[in-house]
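Colleague: sequence first, then the predicted structure, then my questions.
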Amino acid sequence: MPSPWWPFALASLLVAALVAFDPLLSALLPHGLWQRLHLLELDYKLSWIAPLLMASITWLLLQVRKAPDARSLWIVLLLIALQTNGIKLGPGLDLITFLPFLIALGLLAEAMLRPDSPMQLSGLTFFGLLLLLLDLPHLANPLVHSPVTFLANFVSVFRALLVAFVLVNLIQTERHLTFTLQAFFVVAMASALVSVGQTAQAYFTGNSWTLVAEELETKPTFLGTTKRSSGLTAWPSWLADFLVMALPFTLFRLVNASTTRARAGHVLAVLLLLAGVVGTFTYASYAAFAVILLLFPVYGWPHRALHFLIGAMFFGALFYAFGGFDWAWHLFHKLVLQSAGIVERDVYLKAAIEELSRDPWWGSGFHAEQSFSENFYRKRVHNTGLQLWTNLGLAGFLVYLAMLGTLFTQLWLLAMSRSGPIRQHLQALALGLTGIVVEMFAEPHMSAPLVWFYLALAQSAILIANRQARGRPALPPPPAPTHPMATLSPAKQQHDA
């Protein structure tokens, strides 16, 4: 049977239209986009990236067809959105901005159509709602920011909480949890490859393709003013956080590998994550990466924690005896503490502390620290604890501490009482949460959707492990469609016929 001719004719017409209208369409897109892609001097700009976009969309559609169910598809799209927020669909509009709202509407419609599958309100959701409630009184404080600014800041935090809410409702079985962690690993590897490619391009050519703002492309580091890799995200630190969160799962996959080839592949994956993080020049992620590697034996084999502690004390004593700590401190002080980035962060850190000395109780609202008079950089304080305290007062800070403490305690206790794959999932999530806490000392994570995504992963694993411990089945699957007469008895069917 001859193949149809119309797909080739349609493709030819589309290519011809793209080339003909390329100058006009390229002029409608932001000028800065072509400058970052190094295509500004070309007459035909869109024709260069259109084939790549079409190939990427085709590959994505082929992968979508392989998704086992709708929930898995939403999970994959959410992961992709978390790592492609540098691709803007308009001013301030990216995939992670509106996708959680679409998923929430879909979950609400499913809950209305299926009364036996209600939406879950987890403990993490209640903690997030409490943080939002603590911010509402600051609407009546126009001295800090206008109602419009208050609404914009409120929505930015609400979006992050919505990411956590929809993920907890998407992951309701161990199968979905395992699928999410596998997809997390794949997206992290792809992001790390892009990061390494950007670093290599910057090293060999002096230029790198990036989607971050021009003022964030370079950073004053211990190597001088250095170009930073960001993958497909809008912030290099965002990429670094994602790769650090993927490290615990990669380490457990390495331990569970049964063949030499699989072990070598996962060792390469760990090195790839390390290279991707190094290229972002994010000091907090450096520290979190090192802490996760050091604590992995304790979290992986907790029954041998005392042995690891004694060994660490022994090597620490040797390191101290040979002057290693003095050498490390002088090196850290020379390379890191004297860099311009640390000096700049010190300014808005002191501005937040000065504000707390005036009012340590009530706070000033979400992201209000950017408006403090001493913070002439107009940036958020890079410490999540101080950020919560200055924004929501002492109550908000304590709520956030209680949330993190509750999640970590539940992860650890359930990991000690469970066995099988769910045990290692809980251990890896607890290890990753430790790395996130380390990053919180130097990053403003209060409204980061990526952090709330990880917290939702931990909450989902806790709910699944609790359900298994109590012998309760997972939420019921959607009923299979049947013929209306299939529910009748054979005698009744014969009578009606």
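Modeller: Yep, it's here. Here the structure is a predicted model, which means the values were calculated and not measured.

Colleague: helices of the stretch 51-200 of the chain, residue ranges please.
Modeller: Assigned by DSSP state H, counting those that start in this stretch, the stretch 51-200 of the chain shows helices spanning 70-82, 95-113, 123-135, 147-170, 174-205.

Colleague: what's the neighbour count on the spatially closest residue to Leu129 that is not a sequence neighbour?
Modeller: Nearest residue to Leu129 in three dimensions, chain neighbours excluded: Leu161, at 7.7 Å (CB to CB, 6 or more residues apart in numbering). (C-beta placed from N, C-alpha, C; glycine too.) Leu161 has 22 neighbours, counted by other CB atoms under 10 Å.

Colleague: contacts only, for Leu161.
Modeller: Residues counted as contacts of Leu161 (CB atoms under 8 Å, 6 or more residues apart in numbering) are 125, 128-129, 131-132, 452.

Colleague: ok, it to Ala200 distance?
Modeller: 38 Å (CB to CB, to the nearest Å).

Colleague: now Leu388: how far from Gln424?
Modeller: Leu388 is 31 Å from Gln424, where distance means CB to CB.

Colleague: and if you look at Pro302?
Modeller: For Pro302, the distance to Gln424 - CB to CB - is 12 Å.

Colleague: and Gly393, by the same measure?
Modeller: To Gln424, Gly393 is 39 Å away according to CB to CB.

Colleague: Pro302 and Gln424 - which one has more neighbours?
Modeller: Between Pro302 and Gln424, counting by other CB under 10 Å, Gln424 is the more crowded of the two (21 against 15).

Colleague: quick check: Val451 vs Met403, distance?
Modeller: 11 Å.

Colleague: same question for Leu181.
Modeller: As for Leu181, its distance to Met403 is 22 Å (criterion: CB to CB).

Colleague: of those two, which one has the most company?
Modeller: A count of neighbours by other CB under 10 Å puts Leu181 above the other of Leu181 and Met403, at 22 against 19.

Colleague: contact partners for the more buried one?
Modeller: Taking CB under 8 Å, 6+ apart as the test, what Leu181 contacts is 249, 425, 428, 457.

Colleague: just those residues now: which is nearest Tyr348?
Modeller: Tyr348 lies nearest to Leu457 out of these, by CB to CB, at 30.4 Å.

Colleague: and the closest residue to that closest one other than its chain neighbours, what does it touch?
Modeller: For Leu457, ignoring the flanking residues on the chain, the nearest one in space by CB to CB, 6+ apart is Leu429 at 6.2 Å. Taking CB under 8 Å, 6+ apart, we find Leu429 in contact with 248, 411, 454, 457-458, 461.

Colleague: in strands only, show me those residues.
Modeller: Counting by DSSP state E, those place none of their members in strands.

Colleague: between the residues you listed, which is nearest Asp241?
Modeller: Of those, the one sitting nearest to Asp241 (CB to CB) turns out to be Tyr454, at 8.7 Å.

Colleague: number of residues surrounding that closest one?
Modeller: By other CB under 10 Å, 27 other residues sit near Tyr454.

Colleague: do Asn466 as well
Modeller: Using other CB under 10 Å, Asn466 has 13 other residues around it.

Colleague: on that earlier part again, would you format the helices of the stretch 51-200 of the chain as JSON lines with distance to Asp346 and mean pLDDT included?
Modeller: Listed next are the helices of the stretch 51-200 of the chain as JSON lines, based on distance: least, CB to CB, whole Å; pLDDT from 0 to 100:
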{"stretch": "helix 70-82", "distance to Asp346": "30", "mean pLDDT": "87"}
{"stretch": "helix 95-113", "distance to Asp346": "31", "mean pLDDT": "86"}
{"stretch": "helix 123-135", "distance to Asp346": "27", "mean pLDDT": "92"}
{"stretch": "helix 147-170", "distance to Asp346": "24", "mean pLDDT": "89"}
{"stretch": "helix 174-205", "distance to Asp346": "27", "mean pLDDT": "88"}
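
Colleague: switch these over to TSV; also include distance to Leu293.
Modeller: Listed next are the helices of the stretch 51-200 of the chain as TSV, based on distance: least, CB to CB, whole Å:
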stretch	distance to Leu293
helix 70-82	23
helix 95-113	29
helix 123-135	27
helix 147-170	27
helix 174-205	16
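
Colleague: quick one: closest of the ones you listed to Phe308.
Modeller: helix 174-205 (24.9 Å).

Colleague: okay, the angle between that closest one and helix 70-82?
Modeller: Angle between the axes of helix 174-205 and helix 70-82 is 20 degrees (criterion: axes from the mean of the first three to the mean of the last three CA atoms, to 10 degrees).

Colleague: list the buried residues for helix 174-205?
Modeller: Buried residues in helix 174-205, counted by 16 or more other CB atoms under 10 Å: 174, 176-177, 179-181, 183-185, 187-189, 191-192, 194-199, 201-202.

Colleague: okay, the angle between that helix and helix 147-170?
Modeller: Angle of helix 174-205 versus helix 147-170, following the same axes, to 10 degrees, is 120 degrees.

Colleague: centre of the chain to helix 174-205, how far?
Modeller: Offset of helix 174-205 from its chain centre (CA atoms, centre = their mean, to the nearest Å): 12 Å.

Colleague: quick revisit: tell me which of the contacts of Leu181 is nearest to Asn85?
Modeller: Leu457 (18.5 Å).

Colleague: pretty sure that closest one is touching Val163, no?
Modeller: No: using CB atoms under 8 Å, Leu457 makes no contact with Val163, being 10.9 Å away.

Colleague: show me where the chain has its strands.
Modeller: 218-221, 224-227.

Colleague: lowest average pLDDT across those?
Modeller: Sorting those by mean pLDDT places strand 218-221 lowest, at a mean of 67.

Colleague: where's the nearest residue in space to Leu274 that is not next to it in sequence relative to Phe441, distance?
Modeller: Distance criterion CB to CB, 6+ apart; nearest residue to Leu274, sequence neighbours excluded, is Phe289 at 6.8 Å. Phe289 is 14 Å from Phe441, where distance means CB to CB.
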